[in-house]
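A.B. asks: Quick one, what's the 3D model for this:
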Amino acid sequence: MASGTTEFRLLPMSESTSQLCFDKEQFLKDDFDVDTFVADCRRRVQLETLREDLHIYFKSLKNAMVELINKDYADFVNLSSNLVGMDKAINNLSVPLGQLKEEILSVRSGMDDAIKAVEDKLTARARIREKKACLQRLINITKSVEKMEKILGISKELDVDDADLGEHLELSGQQIERVALEFNQLQFYVTQSKGLPLVEKIRPRIAAITVTLQHSLERSFEESLETGQADVLRQCLRTYATIDKMRDAEALFRKIAVKPYMDEVINESFIKNHPQGLKGMYSKVLEFIPKHCTLIKQVTSQTPSSAGQEVVRGYDFLVNAVWPEIANSLDSRNHQIFFATNTDLFHERYLQTMDFVERFELQCGTQSSVKRLREHQSFNTFMSKWSLSVYFQLRFHEIAGSFETALSTPFNSTSDAQSPFKLHVFQTLWQCLHRCWEDKVYLIPLCHRFWKLTLQLLSRCAQWIEEVYANELKAPKEEPETSKPPISSSSSSASLPNESGEPADGDKQQRGPSPAPVPPPITSSQLVSLVADIDILCAQLTQLYQHVIGPKLAEINCQGITVLSEAFLDCKESLSNRQVEFGEYITKEVCALCSVHLKSANDIPRLYRRTNREIPSKPSSYVCNCLKPLQLFLDEHKANLQQDRQHQWLVSILCTVTDGYLTISSELLTSVKKMEDSLKRLKALRRPSEVALASMASQQGGVSDDDKIRLQLSFDVNFYGKQMSEMGVEDNEVPSYIELKTLVNSSVKGIISELEEI
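C.D. replies: Okay, here's the model as predicted:
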């Protein structure tokens, strides 16, 4: 069947079968399933299309089968004749094959029995070998115990609880090291033979050996430290390492050397009596290392003094013995240094302690030792004792509270004559920002919190500025002044939240039933001071970040410093969001004061019509008074405003006033022109006597009343431009003035020519 399948696969199919909706090879798979085949095809084509393709494929297979039969017709015909006698041949083979099978099964059974016998013997041999090894270990344990008892001079009947066990036995360093090697091997044998009766019986003798060996090592260790014998100390530490008791050696050093010294130095009386206080105590503590740890460091670490000598690895006495005792002594006898009740004193103590920790780390000698120190449990416990969160909470209430207090009377003038700010609230804000980062307040572990407080202060100030705009500039346009809430009280908005997200203490107090008195509305001078202080603050914030905050962020290797700088810039820009609106409000008020005088320009025709006044030669009084409010405004606030802001407002005010002046002048000249044309039309209707009188007046004066009006307006406009120049504003900065000047000059051009001829 397989060969037939192969033949069908090799038969050429018609071209129509190559466009079928299914793969023909799927029928040849062993796991072919009709339902799966039909479901798969239904996803692509309709059932009608599938039926037609199957019919086409069936025809192609039928044709291929016919072609195959026709091609090998002779083989098909001879197939039955070739199978004659096949049954007899098969029967002849079945008998010998059955006999062969029985022989093979017999041999296999014999082999299995032989294998089982061999495996049983191997198992028994393994048990014997294990018992032999166990017996050998027990023999070795007995020999080792007897050997060590002989060296240590311990009697078999000696009780392990004897107080003077090993106290008076003098052993050389080599004997101790020899016992240690034997003891280490004994420990291995005991571990391998755990639970055996002999081991449990001999365990008291092992305990006696352990106590005796430990006493001998302790005595040798103490003597080597007292006499300064490096070789003996090296051999003793090597012995401790051999029996895996290195931590015991470090604990012994802490007990006999470190603790007595620290008990004498680390205490409250030492701090009170020392001139330098806590700093002096730390210096005294550090003196312990060169005095008492030089020999140990020489033996256990590679130092210039230990060049060419053997170094016993695996010990770190500074980390595992000296530091834990220092931390424990500080915690037990000087725990008051961790309290943050007095923030200034806490800050001083913390910095002195961190300086002590840095100097202690320098004594460690290697980076790996410093790493072990910082990972040590006592070190982490010691660092967690410092109440940094409490310290920051106190600083937060101190800094944020002072700013909130300043916001209660925000438009009070600053009392510091040297301050660049005019308003007390901005002076306080600047002091608070500096307070966050000054050396007497800032701590490196609290950098992120002081950064957050800085942004909170700037955000709180920006929020207050928005309240000023909403309540003082925007609200009067929408509601009566009597319903306007006060802007100076911190109750008008949420104050700075503390670290837990709650409002400051001032917002927690209950307010009385009677409303707070409404403060007087803000004045223009106060608004100018507000704008000026915002400009100064924004300029100084850049310097603050570059020279104060930025270096402190870089000191802690802050990775997202770009993001932080962008956040600071956003807070700074939020302060100046309403500068344009404030400027428009101020300039509008000044423009109103100036524009009042411009209305007097409409009185010029009344001064010259039928009054027989002389030709004008000086500007009118109204134009002299027009820019006086602006000049007074500049004189009053010149010292406060920055030059750019002052010039910006000056140009804005002059543009607005000049626009009004242009409108008035244009209307005035238009009315004069209309009046002049009207008089010319009526001139023909006058009586001869009136005409004669008018001719005589014209010959005497040479300039009509309308011309005098135009000349006076020209004098006024030119004097107005002169005042602008004196204020530092060019004509091209005020486009409406150029238009105004062109208008009046064109109206008096002919008049001036006639006057020059006369």
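A.B. asks: When you work out contacts or count neighbours from here on, use the C-alpha atoms and nothing else.
C.D. replies: Fine.
A.B. asks: what separates residue 683 from residue 676, distance-wise?
C.D. replies: According to Cα to Cα, to the nearest Å, residue 683 stands 10 Å off from residue 676.
A.B. asks: now swap in residue 235 and tell me
C.D. replies: Separation of residue 235 from residue 676 (Cα to Cα) stands at 128 Å.
A.B. asks: Who has more neighbours out of the two?
C.D. replies: residue 235 (21 against 16; other Cα atoms under 10 Å).
A.B. asks: For the helix or strand where the more buried one lies, buried residues please.
C.D. replies: Using DSSP states H and E, residue 235 sits within helix 230-242. Using 16 or more other Cα atoms under 10 Å as the test for burial, helix 230-242 gives 232, 233, 234, 235, 236, 237, 238, 239, 240, 241, 242.
A.B. asks: okay but the fourth one is in contact with residue 177, surely?
C.D. replies: Put plainly, it is residue 235. Yes: applying Cα atoms under 8 Å as the test, residue 235 and residue 177 come out as touching, 7.4 Å apart.
A.B. asks: Quick check, pLDDT for the residue sitting nearest the centre point of the chain.
C.D. replies: Centroid-nearest residue in the chain, with Cα atoms, centre = their mean: residue 560, separated by 6.0 Å. We have a pLDDT of 82 for residue 560.
A.B. asks: Please apply the same query to the one 3 residues further on.
C.D. replies: We note a pLDDT of 91 for residue 563 in this prediction.
A.B. asks: now swap in residue 516 and tell me
C.D. replies: Residue 516 carries a pLDDT value of 45.
A.B. asks: got it, and the one 4 residues further on?
C.D. replies: The model reports residue 520 with a pLDDT of 70.
A.B. asks: what do you get for the one 10 residues further on?
C.D. replies: Confidence at residue 530, expressed as pLDDT, is 91.
A.B. asks: And for residue 706, nearest residue in space, chain neighbours not counted?
C.D. replies: residue 672 (6.3 Å; Cα to Cα, 6 or more residues apart in numbering).
A.B. asks: by contact count, what packs against the host helix or strand of the one you found?
C.D. replies: Using DSSP H and E, residue 672 maps to helix 643-683. Secondary-structure packing of helix 643-683 (3 or more Cα pairs under 8 Å, 6 or more residues apart in numbering; DSSP states H and E): helix 579-598, helix 705-726, helix 735-757.
A.B. asks: same question for the shortest one, mean pLDDT?
C.D. replies: Mean pLDDT, taken over the full extent of helix 579-598, equals 88.
A.B. asks: what's whichever helix or strand comes after it in contact with?
C.D. replies: Sequence order places helix 604-608 as the next helix or strand after helix 579-598, per DSSP H and E. By Cα atoms under 8 Å, 6 or more residues apart in numbering, the list of residues contacting helix 604-608 from outside reads 613, 672, 705, 706, 708, 709, 712, 713.
A.B. asks: Serialize those to TSV and add fields for pLDDT, neighbour count and distance to residue 580.
C.D. replies: As requested, the contacts of helix 604-608 are arranged in TSV below (pLDDT from 0 to 100; neighbours: other Cα atoms under 10 Å; distance: Cα to Cα, whole Å):
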residue	pLDDT	neighbour count	distance to residue 580
613	76	12	47
672	79	18	40
705	76	24	46
706	77	17	43
708	82	23	43
709	81	24	40
712	83	23	37
713	84	26	34
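A.B. asks: Looking at those residues, which is nearest residue 581?
C.D. replies: The shortest gap between residue 581 and any of the contacts of helix 604-608 belongs to residue 713, at 34.4 Å (Cα to Cα).
A.B. asks: is it fair to say residue 611 lies in a strand?
C.D. replies: No: assignment of residue 611 by DSSP: H, G, I helix; E, B strand; the rest coil gives coil, placing it outside any strand.
A.B. asks: And residue 39, how close does it get to residue 26?
C.D. replies: As for residue 39, its distance to residue 26 is 14 Å (criterion: Cα to Cα).
A.B. asks: Which strands and helices lie in contact with the longest helix along the chain?
C.D. replies: Secondary structure assigned by DSSP state H gives helix 86-152 as the longest helix of the chain. Using 3+ Cα pairs under 8 Å, 6+ apart, the elements in contact with helix 86-152 are helix 173-192, helix 197-227.
A.B. asks: Would you map the helices across the stretch 351-500 of the chain?
C.D. replies: 367-375, 377-384, 388-408, 424-437, 447-468, 475-478 (DSSP state H, counting those that start in this stretch).
A.B. asks: on contacts alone, who are the packing partners of the fifth one?
C.D. replies: If I follow you right, that is helix 447-468. Using 3+ Cα pairs under 8 Å, 6+ apart, helix 447-468 sits against helix 388-408, helix 424-437, helix 561-575.
A.B. asks: Go through the longest one and flag the buried ones.
C.D. replies: Think helix 388-408. Buried residues in helix 388-408 (16+ other Cα under 10 Å): 388, 391-397, 399-404, 406-408.
A.B. asks: just stretch 19-28 next, same as before
C.D. replies: In stretch 19-28, counting by 16+ other Cα under 10 Å, buried: 20, 21, 22.
A.B. asks: Redo those residues as TSV? Include distance to residue 71, secondary structure and pLDDT.
C.D. replies: Converted to TSV, these look like this (distance: Cα to Cα, whole Å; DSSP: H, G, I helix; E, B strand; the rest coil; pLDDT from 0 to 100):
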residue	distance to residue 71	secondary structure	pLDDT
20	27	coil	83
21	30	coil	84
22	29	coil	84
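A.B. asks: out of those, who's nearest residue 131?
C.D. replies: residue 22 (72.5 Å).
A.B. asks: For the closest one, give its distance to residue 64.
C.D. replies: 19 Å.
A.B. asks: again with residue 533
C.D. replies: From residue 533 over to residue 64 (counting by Cα to Cα), the distance is 100 Å.
A.B. asks: Over to residue 241?
C.D. replies: Residue 241 sits at a distance of 88 Å from residue 64 (criterion: Cα to Cα).
A.B. asks: rewinding a little: with distance to residue 121 as added columns, please give the helices of the stretch 351-500 of the chain in CSV.
C.D. replies: Formatted as CSV, the helices of the stretch 351-500 of the chain follow (distance: least, Cα to Cα, whole Å):
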stretch, distance to residue 121
helix 367-375, 55
helix 377-384, 57
helix 388-408, 74
helix 424-437, 85
helix 447-468, 76
helix 475-478, 107
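A.B. asks: Which of the ones you listed sits closest to residue 81?
C.D. replies: Checking the helices of the stretch 351-500 of the chain against residue 81 by Cα to Cα gives helix 367-375 as the closest, at 93.2 Å.
A.B. asks: Kindly format the C-alpha coordinates of the closest one as PDB.
C.D. replies: This file holds the C-alpha atoms of helix 367-375, laid out as PDB (Å, rounded to 0.1, in the frame of the first residue of the first chain):
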ATOM      1  CA  GLN A 367      36.500  48.200  48.800                       C
ATOM      2  CA  SER A 368      35.400  44.700  49.600                       C
ATOM      3  CA  SER A 369      35.800  45.400  53.300                       C
ATOM      4  CA  VAL A 370      33.800  48.700  53.000                       C
ATOM      5  CA  LYS A 371      31.100  46.700  51.100                       C
ATOM      6  CA  ARG A 372      31.000  44.100  53.900                       C
ATOM      7  CA  LEU A 373      30.700  46.900  56.400                       C
ATOM      8  CA  ARG A 374      27.700  48.500  54.600                       C
ATOM      9  CA  GLU A 375      26.000  45.200  54.300                       C
END
